[in-house]
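Visitor: Pasting a predicted model and its sequence here:
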Amino acid sequence: MPALDVIGLLLEVLSWVGLGAGAVLGIAWIAARSADGGWREVEVVVVPGIGQDAPVARWFAGDELHERPLEDDELAKLEAVGDDAVAWASGGRLRFERRSHAARVLGLLALILLAVGAVALAAGLILSLTVG
């Protein structure tokens, strides 16, 4: 089998897999973003925990005061205890990223696979037009 035929076959497989899997992951990304809705931006005050080792985050959501201890990785993102921070809340839940990690990973993987599929499709078309 000539080398150009092998390259053409490889490009076709990459285009089908890239575009197909990218489309499926794109739909999953849309579903994950839809399911993740309802988070509102809130202002968080970080105070030292009373009788606890970890500082506590306090915020208002739904006309109620909420609080919870901060994790070590969340505390590392903040400037200092006693400062205000911006976070996103949904009822009594709080996070410091606008979008969930799962939605970001799905979106990035979908974008990468779609790009690989599109480049492979274009290269396969160019190869078929130039070689004959």
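Guide: Sure thing, it's come through.
Visitor: Following the chain past the top helix by length along the chain, name the next helix or strand.
Guide: Longest helix in the chain, counting residues (DSSP state H): helix 3-35. Once helix 3-35 ends, the next helix or strand along the chain (criterion: DSSP states H and E) is strand 40-47.
Visitor: Dump that next one to PDB, keeping only the CA atoms.
Guide: Taking C-alpha atoms only, strand 40-47 is exported to PDB below (Å, rounded to 0.1, in the frame of the first residue of the first chain):
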ATOM      1  CA  ARG A  40     -25.200  33.800  41.300                       C
ATOM      2  CA  GLU A  41     -22.300  36.000  42.000                       C
ATOM      3  CA  VAL A  42     -22.000  36.900  45.700                       C
ATOM      4  CA  GLU A  43     -19.600  38.800  47.900                       C
ATOM      5  CA  VAL A  44     -18.000  36.600  50.500                       C
ATOM      6  CA  VAL A  45     -16.400  37.800  53.800                       C
ATOM      7  CA  VAL A  46     -13.700  35.500  55.200                       C
ATOM      8  CA  VAL A  47     -13.500  35.600  59.000                       C
END
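Visitor: Next, the buried residues of it.
Guide: Val42, Val44, Val46 (16 or more other C-beta atoms under 10 Å). C-beta coordinates here come from the backbone N, C-alpha and C atoms, glycine included.
Visitor: how far out from the middle of the chain is it?
Guide: 22 Å (C-alpha atoms, centre = their mean, to the nearest Å).
Visitor: what about the closest residue to Gly38 other than its chain neighbours, distance to Ser100?
Guide: Sequence neighbours aside, Ser90 is the residue nearest to Gly38 in space, at 5.0 Å (criterion: C-beta to C-beta, 6 or more residues apart in numbering). Here the criterion is C-beta to C-beta, to the nearest Å. By it, Ser90 lies 11 Å from Ser100.
Visitor: Where does the most centrally placed residue in the chain fall, secondary structure wise?
Guide: In the chain, the centroid-proximal residue (C-alpha atoms, centre = their mean) is Arg104; its distance is 0.8 Å. Taking DSSP H and E as the criterion, Arg104 maps to helix 101-131.
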